[in-house]
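Trainee: Next one to model:
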Amino acid sequence: CVSLIRKNKNVFADLSALVPRPWQFYNAMLNVAEYGVPHKVLFGTDFPFFTVERTVAAFRGINDLAKGTALPRIPDEVIESIIARDAAEALGLRAAAGGRA
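Mentor: Okay, the predicted model is just below:
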């Protein structure tokens, strides 16, 4: 998925459904950071299974997996940028709607 979003201008990914899979979540976000594509990842919760609050807490706590190890951390800036991203703007929908989303 990360390779696809890196190679294709109009392809994006979201992080929904990764909360119950912390190791996959961690590795996916590590790849996103290493490939320099956090701007192509959108916040998603997989509602109704996971709430916004639970997903944000899991995302902000993702580096807990690396505590006490030599594993790299996901940069806090990457995490916060994905949480705060305006999806409509990232997808170019604001411009297409004449500034109305």
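Trainee: My guess is residue 1 contacts residue 13. True?
Mentor: Yes. Using C-beta atoms under 8 Å, residue 1 makes contact with residue 13 at a distance of 5.2 Å. Bear in mind the C-beta positions are built from the backbone N, C-alpha and C, glycine included.
Trainee: Distance of residue 41 relative to residue 16?
Mentor: For residue 41, the distance to residue 16 (C-beta to C-beta, to the nearest Å) stands at 11 Å.
Trainee: Please say which of these two ends up with more neighbours.
Mentor: For residue 41 versus residue 16, neighbours defined as other C-beta atoms under 10 Å are more numerous around residue 41 (23 against 15).
Trainee: any idea how far residue 18 is from that one?
Mentor: Noted for residue 41: a distance of 11 Å to residue 18, by C-beta to C-beta.
Trainee: for this protein, longest helix please?
Mentor: When the chain is parsed with DSSP state H, its longest helix is helix 22-35.
Trainee: Check the model's average confidence along that helix for me.
Mentor: The average pLDDT for helix 22-35 rounds to 95.
Trainee: helices or strands up against whatever helix or strand comes next after it?
Mentor: Where DSSP states H and E defines the elements, the next helix or strand beyond helix 22-35 is strand 41-42. If contacts are counted by 3 or more C-beta pairs under 8 Å, 6 or more residues apart in numbering; DSSP states H and E, strand 41-42 sits against strand 13-14.
Trainee: got the buried residues for stretch 60-72?
Mentor: Within stretch 60-72, the residues that count as buried by 16 or more other C-beta atoms under 10 Å are 62-63, 65.
Trainee: want to try JSON lines for the residues you listed, with pLDDT as columns?
Mentor: Formatted as JSON lines, those follow (pLDDT from 0 to 100):
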{"residue": "62", "pLDDT": "96"}
{"residue": "63", "pLDDT": "97"}
{"residue": "65", "pLDDT": "94"}
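Trainee: any idea which of the residues you listed is closest to residue 93?
Mentor: Closest approach to residue 93 among those (C-beta to C-beta): residue 62, at 27.8 Å.
Trainee: Cool, thanks, signing off.
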